[in-house]
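A.B. asks: task: produce atomic coordinates for the following.
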Amino acid sequence: MSESKSAIARTGFGATMRRDAWWLEPLPVVLILGAFTVYATWRTFENGYYEFGPYRSPFYSPLIKPRWWPLSPAILILWAPLGFRATCYYYRKAYYRSFFLDPPACAVGESPGASYRGETRFPFILQNLHRYFLYVAIIFLVILWYDAITAFWFDSAMGRHFGIGVGSLVLLANIVLLTGYTLSCHSLRHIVGGNVDCFSCVAAGGPRHSAWKGVSFLNEHHMLFAWLSLFSVGLADLYIRLVASRVITDLRLL
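C.D. replies: Residues are numbered from 1 along each chain as shown. Here you go, the predicted structure:
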């Protein structure tokens, strides 16, 4: 019995029957995540221009400057948001495909290697810490909300007063997007209600069901929040650096 050529499986790295430009999907991920990594690393070790008036860069918040620590204070806290993003289910798919080419895309052959071990060996077994990074990320979220609210209060000769600067809006937009990204997390959805078979059979089933529906709605847009919050946190830091170094002037709207 003869077999169609199109039914013959193709093997080897990059082998595929797809006729579309499948490589266009991982390319921007490499460029954007690569550029953000370079920028964030530079800003972490620059150790300067992270505060201006009531504004504080999210890369340096909370600001911890113990006397015994000679390096940038950002190093002491960035492990938390970095760990949360690096272990994120969506980002895993993105950088596994784009940087490791494992696989490059759906129905595209990957390079042959050792037997598949998944995330059971170091360092990828650390991906299983995602839920615990979520707990820490929620704490950081509260701190960044405090920073965003503080950014609307300016010092003057008459004391502190409410005001609105461009930086105030930048930090507010950033924390809103970071909140969307954190609350749309797959692990949070499971914690709220994914492990419940019957909401009416558990304590506070009604509120838990409502919370689960809300998180589920946000979860549908998790990829969008992941990218928008990545841009917003980088732009918030860049804006504060530019005004702190007096490259630009913060425009006061009120």
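A.B. asks: buried sites along the host helix or strand of Tyr96?
C.D. replies: According to DSSP states H and E, Tyr96 maps onto helix 89-98. Residues of helix 89-98 classed as buried: Tyr90, Tyr91, Ala94, Tyr95, Arg97, Ser98 (neighbour count, 16 or more other Cβ atoms under 10 Å). Every residue, glycine included, has its C-beta placed from N, CA and C.
A.B. asks: who's in contact with the fourth one?
C.D. replies: When you say that, I think you mean Tyr95. Counting by Cβ atoms under 8 Å, 6 or more residues apart in numbering, Tyr95 makes contact with Val29, Leu33.
A.B. asks: how far does stretch 145-163 stretch from start to finish?
C.D. replies: For stretch 145-163, the first-to-last residue distance is 17 Å (Cα to Cα, to the nearest Å).
A.B. asks: which residues touch Ile77?
C.D. replies: Tyr60, Ser61, Pro62, Ile64, Phe140.
A.B. asks: quick check: ChimeraX command selecting the buried ones in those residues.
C.D. replies: Applied in ChimeraX, the following selects the buried portion of the contacts of Ile77 according to 16+ other Cβ under 10 Å:
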select :60,61,140
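A.B. asks: inside helices: which ones of the contacts of Ile77?
C.D. replies: Among the contacts of Ile77, the members found in helices (DSSP state H) are Phe140.
A.B. asks: would you convert the contacts of Ile77 into JSON lines that also reports distance to Leu183 and pLDDT?
C.D. replies: Output for these, formatted as JSON lines (distance: Cβ to Cβ, whole Å; pLDDT from 0 to 100):
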{"residue": "Tyr60", "distance to Leu183": "24", "pLDDT": "97"}
{"residue": "Ser61", "distance to Leu183": "19", "pLDDT": "95"}
{"residue": "Pro62", "distance to Leu183": "21", "pLDDT": "95"}
{"residue": "Ile64", "distance to Leu183": "26", "pLDDT": "94"}
{"residue": "Phe140", "distance to Leu183": "13", "pLDDT": "97"}
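A.B. asks: avg pLDDT for the helix holding Tyr96?
C.D. replies: The pLDDT scores in helix 89-98 average 89.
A.B. asks: check stretch 191-199 too.
C.D. replies: On average, stretch 191-199 scores 79.
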